[in-house]
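In: okay, sequence plus prediction incoming.
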Amino acid sequence: MKKYALYAVLASLFMVGEVLVDLLQPRLMEQIVDEGILGLGLGNQPNVHLVVMIGIRMILLVILGGLCGVLSGVFSNVTSENCGNDMRKDCFSRIMHFSHQQMEDFSTGSLITRITNDVNQAESLIVQLIRGIVRCLMFFIGGSYALLSLDMAFRTVLIIAFPIILIDIIFVVSKSNPLFTLVQEKLDKMNEVIQENISGARVVKAFVQEEREDARFNDSNQDLVDSQFRVMLLLSFLQPVMNIVLNIAVVAIIWIGGLQVQNGSIEPGVIMAAITYISQILSGMMMLAMIFQTVSRGVASSKRIHEVLTTEPEIKDGPATSPSDPSLVGSVEFDHAGFRYDDADRPILHDLTLSIRPGETVAIIGATGCGKTTMIDLIPRFYDVTEGSVKVDGIDVREWNKSALRERITVCLQKSEMFSTTIKENILLGRKEATEEEVREAARAAQAEDFILQQPDGYDTVVAQGGMSLSGGQRQRISIARSLLRRSEVIIFDDSTSALDLKTEAALYEALKTQYADVTKIIIAQRIASVKDADCIVVLDAGTINACGTHEELLASCSIYQDICKSQQNSDEGGAA
């Protein structure tokens, strides 16, 4: 809040002005009753002129108080919204620098909740700290002083009422505080279910699992409702107790005041003022109880935001921003590299030793789950090695500045992310400043231009959300065009041609060989046909390199590669039969 301290101070000062106006009104009302209506001290003759003049003063004060209230609201909301804006941006920026492992540790649903709902709760906390606390304390302190200045006999009412209300607030707040964190955790889980089902809607429908997912959502939603109900049940004790105490206090004021009027020690107007003051004092306490609820929620949410902001990204920037040896530009080297998750019993990858020369095409093949994707994730530092090293352009990736490193590497994934914009704009995500001819050149190399030109508006055809208006193969080709347009030193194809037919795939690889000969290409694939022309084929088995060589060399020497070839050959023959 330091950046917005001036707004916060102004909001508090204007709130003080609004409350002072409210505290002055009962005194003016006392004058109207005693001097204007009853005419006490004036021969018991009503004074209409006095009533009108004081009434005008009251109206002007109300307008002034209302203006102060509006300005207090404006400045407090300016402060809270700006703070919330900063928190969301800071959280998002921090999340973008988290490693894959850290993202998984928090979970997507939890991060969404923290950057949305938790920030909203923190904004409410800021407003209450600036306005609510000031208002309540002013009513309690100022109202108590004003009440006792009328007659000290009223102090008995305060002495009895205040502890009862305080005990009620302490009881409810102490019991409800731990539940607010639980409510946010339940909201995390519900958001996870929503996120999974929206992103995986096609799978749910394809396997007719709507009822199962409805039940799963209902369970998480019911957990949230039950947690919120427990909080609301506790909070429901506040209002009735407050109302009972307030009404008893008003009756006590009337009774004590009535005795004082009979004795002639005070006037009737004082009783009216005293009733207003005791109502303001106890209403302020009631408001304070509700503020504590908001504060409790805000503190719980602030802790969750703080957890994100204080979690240091595991992947730290190094000093290197450019290669030291131009001859190594585009090279990738694994030197006894290995990787293990923090809580894993055994490593995912171990003792990977491989040297990829600039401009070389290297394919990685192996059984599902052998670590192919994890291996290539070590190159752009989506994960950091836990043993050995990985070098790009002759420099250990841990010594690279992350942005500088990732500008040299393009990863083209199997799942092609499409955005609700034109085909051209989707390709331009690879390099926004590219010319139209460069876009078309990348599309032709990706074997995408033919089907693009058949679209209603060609390159300007708008893609439906998630690319649903395109086939899987079309989405993959646009994604490949986007990757080629970037013209990075290293392109990694992570099974990104799985939806292409063999003829289209062969044409793509031919274009890569001729038009992108200077680019280092790393291809992960399941089909032998996709990798057989690579300069080097790496056979990965159980997290380590079993063999390296050309297609012919591996056919002659590697039993695993022979088995893969044989199984695919048999599959092709079976399909043909």
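Out: Arrived safely, thanks for sending. Numbers count the residues shown, from 1 in each chain.

In: per-residue pLDDT, Ile364?
Out: Looking at Ile364, its pLDDT is 93.

In: ah, wrong one, I meant Ile491
Out: For Ile491, pLDDT reads 93.

In: thought Pro347 was touching Thr386?
Out: Yes. Pro347 is within contact range of Thr386, at 7.2 Å (criterion: C-beta atoms under 8 Å). In this view, the C-beta of every residue, glycine as well, is placed from N, C-alpha and C.

In: return every residue with contacts to both of the two.
Out: Here Pro347 and Thr386 share the contacting residues Gly338, Phe339, Arg340, scored by C-beta atoms under 8 Å, 6 or more residues apart in numbering.

In: the first one should be in a strand, yeah?
Out: What that stands for is Gly338. Yes. Residue state for Gly338 (DSSP: H, G, I helix; E, B strand; the rest coil) corresponds to a strand.

In: which residues does it contact?
Out: Pro347, Leu349, His350, Asp351, Leu352, Val385, Thr386, Glu387, Gly388.

In: one more: Asp393?
Out: If you count contacts by C-beta under 8 Å, 6+ apart, then Asp393 has Pro323, Asp325, Leu328, Val329, Gly330, Ser331, Arg408, Glu489 around it.

In: for the residue lying closest to it once chain neighbours are set aside, which three-state class applies?
Out: Spatial nearest neighbour of Asp393, chain neighbours left out: Pro323 (3.7 Å); criterion: C-beta to C-beta, 6 or more residues apart in numbering. With three-state DSSP as the basis, Pro323 sits in coil.

In: repeat for the one 4 residues further on
Out: With three-state DSSP as the basis, the three-state label of Ser327 is helix.

In: the stretch 351-500 of the chain: helices as residue ranges?
Out: Secondary structure of the stretch 351-500 of the chain (DSSP state H, counting those that start in this stretch): helices at 372-377, 402-407, 423-428, 436-445, 449-453, 472-485.

In: deepest of those helices, which one?
Out: Compared across the helices of the stretch 351-500 of the chain, helix 472-485 shows the largest average neighbour count, a mean of 24 (mean count of other C-beta atoms under 10 Å).

In: give me the helices and strands touching that one, please.
Out: If you count contacts as 3 or more C-beta pairs under 8 Å, 6 or more residues apart in numbering; DSSP states H and E, helix 472-485 packs onto strand 409-412, helix 423-428, helix 436-445, helix 449-453, strand 490-494, helix 502-515.

In: which one of these lies nearest to Asn47?
Out: Asn47 lies closest to helix 423-428 among the helices and strands packed on helix 472-485, at 77.6 Å (C-beta to C-beta).

In: from the chain's centroid, how far away is that closest one?
Out: 27 Å (C-alpha atoms, centre = their mean, to the nearest Å).

In: what does stretch 124-144 give?
Out: 30 Å.

In: give the buried residues for it.
Out: Residues of stretch 124-144 classed as buried by neighbour count (16 or more other C-beta atoms under 10 Å): 124-136, 138-140, 142-144.

In: now the helices for the stretch 151-300 of the chain?
Out: 155-199, 201-206, 210-235, 238-263, 268-310.

In: so who does Ile115 touch?
Out: So Ile115 contacts Arg88, Cys91, Phe92, Ile95, Val308 (C-beta under 8 Å, 6+ apart).

In: wasn't it part of a strand?
Out: No. Ile115 is assigned helix when assessed by three-state DSSP, not a strand.

In: touching, the residue nearest to Asp393 and Lys391? I think so.
Out: No. Contact between Pro323 and Lys391 fails when scored by C-beta under 8 Å: they sit 10.3 Å apart.

In: most centrally placed residue in this structure?
Out: Ile115 (2.6 Å; C-alpha atoms, centre = their mean).

In: that one and Val308, how far apart?
Out: Noted for Ile115: a distance of 8 Å to Val308, by C-beta to C-beta, to the nearest Å.

In: try Pro326
Out: Distance from Pro326 to Val308, by C-beta to C-beta: 41 Å.

In: those two - which one has more neighbours?
Out: Between Pro326 and Val308, counted using other C-beta atoms under 10 Å, Val308 has the larger neighbour count: 21 against 10.

In: the more buried one against Arg114, yeah?
Out: Yes. The pair Val308 / Arg114 is scored as a contact, 5.6 Å apart, by C-beta under 8 Å.
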